[in-house]
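Undergrad: This is a predicted model, with the sequence first.
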There are 2 protein chains.
Amino acid sequence: MAGSYCYPYPHPAVTADIAVFSLRQQQLQLLLIRRGGEPFKGCWALPGGFLDIDEDLESCAARELEEETGVRDLYLEQVCAFGRPQRDPRERVISVAYFALVPVERLQVRAASDAAEAGWFALNALPELAFDHAEIIRMARQRLAAKLDDSTLAFQFMPKAFTLDELQQVYEILRQAALDKRDFRNSVLHRGLLEETGETRSRGNRRAARLYRVKQPDRVGYTFNDPL
Amino acid sequence: MAGSYCYPYPHPAVTADIAVFSLRQQQLQLLLIRRGGEPFKGCWALPGGFLDIDEDLESCAARELEEETGVRDLYLEQVCAFGRPQRDPRERVISVAYFALVPVERLQVRAASDAAEAGWFALNALPELAFDHAEIIRMARQRLAAKLDDSTLAFQFMPKAFTLDELQQVYEILRQAALDKRDFRNSVLHRGLLEETGETRSRGNRRAARLYRVKQPDRVGYTFNDPL
DNA sequence: GCAAAAGTGTTATCCCTACACCCATGA
DNA sequence: TCATGGGTGTAGGGATAACACTTTTGC
């Protein structure tokens, strides 16, 4: 027999896989891990791994993410479950996909324990991917894009305090379009999601800019018309 | 040993559970099954069941739905996976939740094979529920509500051909608010999602109403600004 | 005094909302 | 002829999109 955990009918394995997004080089980029073992040895894949039997799904995503990349305490949101029967050649595997957003300031992905190599990729220049990870990434991007405009998800990319110009740059990268400075400030301030910290910062060394922070950091990621 | 399917490390079981919505008695109602066995014997629960080892997740949802209720070919959309470690007292179970929408015309849920009893419940009068099904229902409702306004999901409740008044009634039930007839017609026709069948129908027997059909039945459920 | 980023208001347009009456038909 | 549901247009308000100049400050 293959092992010591036996069931009266066959059980699939369950994994959590995470699409980690961040902003690097003026682009939305995705973190991938080069696989060290079979199957798909040498291919790039999403960070992730098998669910411990007494572990919550989201905890599993958080743990795998930290094990493979060293980053922790990120915003995590479940995308959905992927379970095409032949998606893993070894055995039946159900993957619960998450996406995570890394604040720009915290971009120090150390090459971690068991993962051979980690790398950031622009979304239009992804390498060939293991399993059905290309599809998972497609779904994660779609969810992210759908929520960007009517949620505060983009704030996840920001440090604790930031200037409005910095926030605008983030939105311009995410929406791949130039935005009008006055309109951007009006709409973002009009929604009442930010408050001034009272401090200012002079980047480079020109006129100092006011710093803002998110008013309700615990509600970041919710859609604007979600129930309270 | 408990059985003949053995693995080198423990595997969870995987189920699909389905929140089936329809419109009955001028309300959005949910289909529940009374559990015949332990655990939660006698409790109401979502229809659903265990994933076959070589079966797609969505196929599993469709199959369980048909086995327990006799309805088939419904719109099915995955909500997300639920996997709190103790959510099922028997063993570790990951549930992949779906929601389904039943066209008003097709409301004939025959008491099916292994399920003891099936019943429709108004969402504000749900009975006590087994497992974490109350939470699953909450999430399914939220997803449904979020998509109603900027997708064609509501069309799933309609028969092949329908009048604008009938469609308006459906929206009024779903949004729990009266809508202006002229505004409703303007907006729904302006979006260009419907076309006249050319036929008319005299309900009761007054002036005949024009019949409409959905232009792209295969795209029902997509958000308006989804990529093509 | 000039280079570079910070900051600020007004106008036109579109979409959504509110609102009331005539039409066709069968009884 | 009347009761019932089918069908139609217009005006106001709010949000969005377009658009350019002044302020601050270090060099």
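TA: Thanks, I have the structure now. Numbers count the residues shown, from 1 in each chain, chains lettered A, B, ... in the order given.
Undergrad: Please count neighbours and contacts with C-alpha atoms only from this point.
TA: Will do.
Undergrad: got the phi/psi numbers for the spatially most central residue of chain A?
TA: Closest to where the C-alpha atoms of chain A average out (C-alpha atoms, centre = their mean) is residue A:100, at 2.2 Å. With angles defined as degrees, to the nearest 10, residue A:100 sits at phi -130, psi 150.
Undergrad: doesn't residue A:73 make contact with it?
TA: No: the criterion here is C-alpha atoms under 8 Å, and residue A:100 misses it with residue A:73 at 9.7 Å.
Undergrad: For residue A:143, give me phi and psi.
TA: Dihedral pair for residue A:143: phi -60, psi -40, per degrees, to the nearest 10.
Undergrad: give me the number of residues near it?
TA: Other residues near residue A:143 come to 16 when the count uses other C-alpha atoms under 10 Å in any protein chain shown.
Undergrad: any idea how far it is from residue B:223?
TA: Using C-alpha to C-alpha, to the nearest Å, residue A:143 is found at 11 Å from residue B:223.
Undergrad: mind listing what the nearest residue to residue A:8 once chain neighbours are set aside touches?
TA: Among residues not flanking residue A:8 along the chain, residue B:3 sits closest, at 4.0 Å (C-alpha to C-alpha, 6 or more residues apart in numbering or on different chains). With contact taken as C-alpha atoms under 8 Å, 6 or more residues apart in numbering or on different chains, residue B:3 is in contact with A:6-9.
Undergrad: What of residue A:80?
TA: Applying C-alpha under 8 Å, 6+ apart, the residues contacting residue A:80 are A:96-98, B:78-81.
Undergrad: domains of chain A?
TA: A:13-148, A:153-219 (automatic domain parsing).
Undergrad: Figure out which of these is closest to residue B:106.
TA: Closest approach to residue B:106 among those is made by domain A:13-148 (28.7 Å; C-alpha to C-alpha).
Undergrad: and the nearest residue to residue A:64 once chain neighbours are set aside, what are its bridge partners?
TA: Nearest residue to residue A:64, sequence neighbours excluded (C-alpha to C-alpha, 6+ apart): residue A:48, at 5.3 Å. Counting by DSSP bridges, residue A:48 is bridged to residue A:17.
Undergrad: looking at it, residue A:48 is touching residue A:20, isn't it?
TA: No: the pair residue A:48 and residue A:20 fails to qualify as a contact (C-alpha under 8 Å) at a distance of 10.5 Å.
Undergrad: can you pull out the strands in chain A?
TA: In chain A, the segments counted as strands under DSSP state E are A:5-7, A:13-24, A:27-34, A:44-45, A:48-50, A:75-82, A:93-101, A:117-122, A:194-201, A:209-214.
Undergrad: Could you tell me which residues of chain A lie near DNA strand C?
TA: Selection of chain A residues close to DNA strand C by C-alpha under 7 Å from any atom of the strand yields A:163-165, A:181-183, A:185, A:203-204, A:206-210.
Undergrad: most neighbours, which of those residues?
TA: In those, the most neighbours by other C-alpha under 10 Å go to residue A:164, 20 neighbours.
Undergrad: Tell me which residues touch that residue, please.
TA: Neighbouring residues of residue A:164 by C-alpha under 8 Å, 6+ apart: A:185, A:210-212.
Undergrad: of those residues, closest to DNA strand C?
TA: Closest to DNA strand C out of these is residue A:210 (3.9 Å), distances taken as C-alpha to the nearest atom of the strand.
Undergrad: So for the closest one, what pLDDT did the model give?
TA: Model confidence at residue A:210, given as pLDDT, is 96.
Undergrad: doesn't residue A:194 make contact with it?
TA: No: between residue A:210 and residue A:194 there is no contact under C-alpha under 8 Å: 11.9 Å.
Undergrad: Just give me the neighbour total for the residue nearest to residue A:167 when sequence neighbours are not counted.
TA: In this structure, residue A:167 finds its nearest non-sequential neighbour in residue A:158, 7.3 Å apart by C-alpha to C-alpha, 6+ apart. Neighbourhood size, residue A:158 [other C-alpha under 10 Å]: 22.
Undergrad: Next: residue A:133.
TA: So residue A:133, with other C-alpha under 10 Å, has 21 neighbours.
Undergrad: Quick check: the gap between it and residue B:81.
TA: 18 Å.
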